[in-house]
Each structure stands twice: as C-alpha cells, then as structure tokens.
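In: fold the stuff below for me.
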Amino acid sequence: MENKYFQKALSNFTTDFAVGGTIRTLADKGLNVNEIYEKLDYPVSKETVAKLVWAHFLDNATICLSDPSGQGSKQSVTYEKIQDEYGRISYKQIKRPVELKGEYLPCDFGKQIYKDKEAFIKKLEIFNDHDRDYILGLPWPLETVWHKDDDRIRRILETSK
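Out: The predicted model follows:
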C-alpha cells in the first residue's frame, strides 16, 4: 500500500516536472485540454493534462470552488528549485496571495453532465469545437463552481441559455 502511494507521488512529480510548466503556460494562453494534449511530445494521458489544467485554474483563481464574492484573496502554492553549494537539489514551497479581482460567473457543468450526459453533449453541438472541448475537457465537479469572467466563459454561458 505504501509503495503504491510512493509510486503515484513519484509519477505525479515526474509528470509535473516534465510537462507541468508547459501545460500551465498553454492553458494560460487559452488552449483547451485537447489542444494542449496534441502539442505535447511527452507521453501523458489526456486525463492527466485535464487534472493539471484544473489544478492550475484552481491555483490561479481562474476557477473557485466556493463563491469568491466578499473574499479578498486566496493562497497560490508554487515550488521553487534550489541548488546548494554541493549541487544538491531541493524544492521550496512558496505561498503567494492571489487577488480575486473581477467578476466570477457560476457554472454547473458537472451537475449537467452527471444528470444526463447525452443530452448535455447534444446541447453542446451549437458550440464551436474550441468551446465544446474546453467544457468537455475539464473534470467539472458535481457542484457549482465560479469561473472568472472572461470572453470564453461569457460566450459559453450566453450560448448555453
């Protein structure tokens, strides 16, 4: 049991070290999970890409799991590589406040997918491929989340009405 936990942690660390920065950068540039997956040369599953993008969106407050109105900031955690005078490498955890600026829009895509996946996918047929893949590529939870108001989410929510 302990060996499986260690193997999973090592695998997650290796994947994040190899492609985590690339995935986060491409997500920040507006690419969806499918587009990011197609650009990678590293052997990583689409589900792993989706999990890393989702975690990044939570860390940088693009998506909040609770209503952000009234909250001033939240903590973002990153790791900095440090090398000592003997060449040993370690990682230092750095916590930075992320200001929750701007408006957030409630999204319940996870609930809609869970309730009737076929009907939800049929509903998404009116979207362009980029927006449809954005919604279907992320692991939305079965609860309402709040997405930072931007052109993409506004367009998606307006179209889905």
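
In: so where's the protein uncertain?
Out: Confidence mapping of the chain against pLDDT under 70 gives the ranges 1-2, 70-77, 97-101, 161.

In: which parts of it are strands?
Out: Assigned by DSSP state E, the chain shows strands spanning 63-64, 73-83, 89-99, 104-107, 145-148.

In: export these to a markdown table and tack on mean neighbour count?
Out: In short, each C-beta sits where N, CA and C put it, glycine included. Shown next, in a markdown table, are these (neighbours: other CB atoms under 10 Å):
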| stretch | mean neighbour count |
| --- | --- |
| strand 63-64 | 20 |
| strand 73-83 | 12 |
| strand 89-99 | 10 |
| strand 104-107 | 16 |
| strand 145-148 | 20 |
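
In: I'd like to know how far S66 sits from E38.
Out: Distance of S66 to E38, computed by CB to CB, to the nearest Å: 33 Å.

In: circling back: now distance to S45 too, for the strands of the chain, in a markdown table please.
Out: Formatted as a markdown table, the strands of the chain follow (distance: least, CB to CB, whole Å):
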| stretch | distance to S45 |
| --- | --- |
| strand 63-64 | 21 |
| strand 73-83 | 23 |
| strand 89-99 | 24 |
| strand 104-107 | 24 |
| strand 145-148 | 23 |
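
In: F127 is nearest to which of the ones you listed?
Out: The minimum distance between F127 and these falls on strand 104-107, with 14.0 Å, by CB to CB.

In: can you pull the contacts of the most centrally placed residue in the chain?
Out: Centroid-nearest residue in the chain: W54, 1.7 Å away (criterion: CA atoms, centre = their mean). Listed by CB atoms under 8 Å, 6 or more residues apart in numbering, the contact set of W54 reads 63, 138-139.

In: ditto for Y79
Out: 91-94.

In: and those as a markdown table, adding distance to I153?
Out: Output for the contacts of Y79, formatted as a markdown table (distance: CB to CB, whole Å):
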| residue | distance to I153 |
| --- | --- |
| Y91 | 33 |
| K92 | 34 |
| Q93 | 30 |
| I94 | 28 |
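
In: okay, Q112 and S160: tell me how far apart.
Out: 9 Å.

In: wait, I meant Y42
Out: 34 Å.

In: and if you look at T22?
Out: 30 Å.

In: how close does the closest residue to S66 other than its chain neighbours sit to E80?
Out: Leaving aside its sequence neighbours, S66 sits nearest to W146 (CB to CB, 6 or more residues apart in numbering; 7.5 Å). According to CB to CB, W146 stands 29 Å off from E80.
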